[in-house]
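J.: structure here, sequence nowhere to be found:
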């Protein structure tokens, strides 16, 4: 009876934690805790224990995950019911394996062959696969059985001599225990520091892999799986979440950004960059440096770092941290001088080479955004912005179009049709580039006194992309003012408190 109750309770815990993972973790970036010892990341496992066989053909996966598992589980039940001479440890070990096996079998039968995994553990380069409570139960049960068989003596021996018993024991009992232990170690530990979860169009569901990220750009992630040693090319759009091995200065730099210590973050990230051999991770660090520079108002540093990022890889995933102005920003004398010189420069030579053209286009777009609302340089900046509408780079074209909205705010009396046009144009811009345009869109709705729509656009920054902290703070406070004017006093006060807590003004 106790064994039966334990199996039922274990199944409840396993299914409840999977429901929690599906409702809480799905669609979110992977989370890391305790110095990256423990990770939470949602994955859908199409394979067997810890994802083994996930890429196998459908017939093989069905045989392994359904037929073989069902036979094993029925066998465990038969042993528990009819074998009377089991020790207490063996009985509990089998029950624990049964509970884990049933937990994953329920998933496969009622979730179209998919098992939900969400935990990962490791130290340094040695990590487990992504697992769930049922996998923990299976591993625990196997270890329990191994311990029982290791410590057991052969039963039914006619020779009571302890020396005979000791000689037989290792051969008949300890060898299976060793094999079981080695199997558990081999299945659960993998020499790999990076984890990726991606959508599989051929298999359906989400596949989780441990290994090494070799490259990661706008087009794809190149991922090396070490057992067996294979290279997978995963389209970037299919990457759901990933966690990578980051050195201590890098981790501390990211933590400093989250806490608003931007000058310290820049120093730590500089140390991390000099010690980082992986090219794709170097670009990650440079992107974080740009974010820190923008948030402390050092636009020239952000511009220099963005140029460095384009030089490193014109297809970097992080070009969306381009330091454009979307709101009232202050420029230093050096920043204004650079912007004016960029507007006046003859770019004809750069147009001969595509990479130089792209780099120069980014610089011109940045310079134009800095001067677009300037009384003396705004018209010149607008003219160059309109030239960028013909850029071969889609992001530059679409960002230039959105920058023109700022001129419309200055020069025109907007009507509903203008904002409808802006909304249509915004669709052409990928979500990671929408932060600034969404702020301007909020200003547009505020101008035509559509306060609810304006507040909704401002709050998009708070909910979806708040990397530009000053812009997110301004958007949150504007939304609070609009809601207050609509009589939503409690919500307005909540937003002001949120702005103070999440987006404090940091003096460094």
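T.: Structure received. Treat the numbers as computed from the prediction; the structure is a model and nothing was measured.
J.: was I right to think residue 283 contacts residue 312?
T.: Yes. Residue 283 is in contact with residue 312 according to Cβ atoms under 8 Å; the separation is 5.6 Å. For every residue, glycine as well, the C-beta is placed using N, CA and C.
J.: quick one: which of these two has more around it?
T.: Using other Cβ atoms under 10 Å, the more surrounded residue of residue 283 and residue 312 is residue 283, with 22 against 14.
J.: residues contacting the residue lying closest to the more buried one once chain neighbours are set aside?
T.: Counting by Cβ to Cβ, 6 or more residues apart in numbering, residue 283 lies nearest to residue 316, which is 5.1 Å off, once chain neighbours are set aside. Contacts were defined as Cβ atoms under 8 Å, 6 or more residues apart in numbering; by that measure residue 316 touches 217, 218, 283, 287, 309, 310.
J.: for residue 316, helix, strand, or coil?
T.: At residue 316, secondary structure determined by DSSP: H, G, I helix; E, B strand; the rest coil is coil.
J.: give me the pLDDT for it.
T.: The predicted structure scores residue 316 at 89 on the pLDDT scale.
J.: please apply the same query to the one 5 residues further on.
T.: Residue 321 is assigned a predicted lDDT (pLDDT) of 94.
J.: any idea how far the closest residue to it other than its chain neighbours lies from residue 343?
T.: Take residue 321 and drop its neighbours on the chain: the residue closest to it by Cβ to Cβ, 6+ apart is residue 290, 4.5 Å away. Between residue 290 and residue 343 the distance is 22 Å, computed by Cβ to Cβ, to the nearest Å.
J.: give me the more crowded residue out of those two.
T.: Each of residue 290 and residue 343 has its neighbours counted (other Cβ under 10 Å); residue 290 has more, 25 against 17.
J.: my read: that one touches residue 305, true?
T.: Yes. Here residue 290 reaches residue 305: they are 4.6 Å apart, a contact under Cβ under 8 Å.
J.: list the buried residues of stretch 209-216.
T.: Of the residues in stretch 209-216, those buried under the neighbour-count criterion (16 or more other Cβ atoms under 10 Å) are 209, 210, 211, 212, 213, 214, 216.
J.: surely the last one and residue 280 touch.
T.: Spelled out, it's residue 216. Yes. In this structure residue 216 lies within contact range of residue 280 using Cβ under 8 Å: 4.7 Å.
J.: residues contacting stretch 93-110, please?
T.: Contacts made with stretch 93-110 from outside it, assessed by Cβ under 8 Å, 6+ apart, are listed as 3, 6-7, 10-11, 14-15, 18, 49, 65-66, 69-70, 72-73, 76-77, 79-80, 86, 114-116, 132-142, 144-145, 148.
J.: apply 6 Å and report the result again.
T.: Contacts of stretch 93-110 with the rest of the structure, by Cβ atoms under 6 Å, 6 or more residues apart in numbering, involve 3, 7, 10-11, 14, 65, 69, 73, 76, 80, 115, 134, 137-138, 140-141, 144-145.
J.: okay, now the domains of this structure?
T.: Structural domains annotated on the chain: 2-31+46-114+130-189, 324-411, 433-508, as defined by automatic domain parsing.
J.: pipe those domains into a markdown table and attach mean pLDDT and distance to residue 232 per row.
T.: Compiled in a markdown table, the domains of the chain are given as follows (pLDDT from 0 to 100; distance: least, Cβ to Cβ, whole Å):
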| stretch | mean pLDDT | distance to residue 232 |
| --- | --- | --- |
| domain 2-31+46-114+130-189 | 68 | 9 |
| domain 324-411 | 85 | 27 |
| domain 433-508 | 92 | 28 |
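J.: nearest to residue 240, of those?
T.: domain 2-31+46-114+130-189 (7.4 Å; Cβ to Cβ).
J.: sorry, back to before: report the two of the buried residues of stretch 209-216 separated the most.
T.: 210 and 216 (15.8 Å).
J.: can you map out the strands along the stretch 1-150 of the chain?
T.: 31-33, 38-45, 115-123, 126-127 (DSSP state E, counting those that start in this stretch).
J.: out of these, which one sits most buried?
T.: Highest mean neighbour count of those: strand 38-45, a mean of 24 (counted as mean count of other Cβ atoms under 10 Å).
J.: any idea of the mean pLDDT in the host helix or strand of residue 285?
T.: When elements are defined using DSSP states H and E, residue 285 is found to belong to helix 279-295. Average pLDDT, helix 279-295: 95.
J.: name the residues that touch it?
T.: Contacting residues not belonging to helix 279-295 are listed as 215-216, 257, 262, 265-266, 269, 272-273, 276, 301-302, 305-306, 308-309, 312-313, 316, 318, 321, 323, 467-469 [Cβ under 6 Å, 6+ apart].
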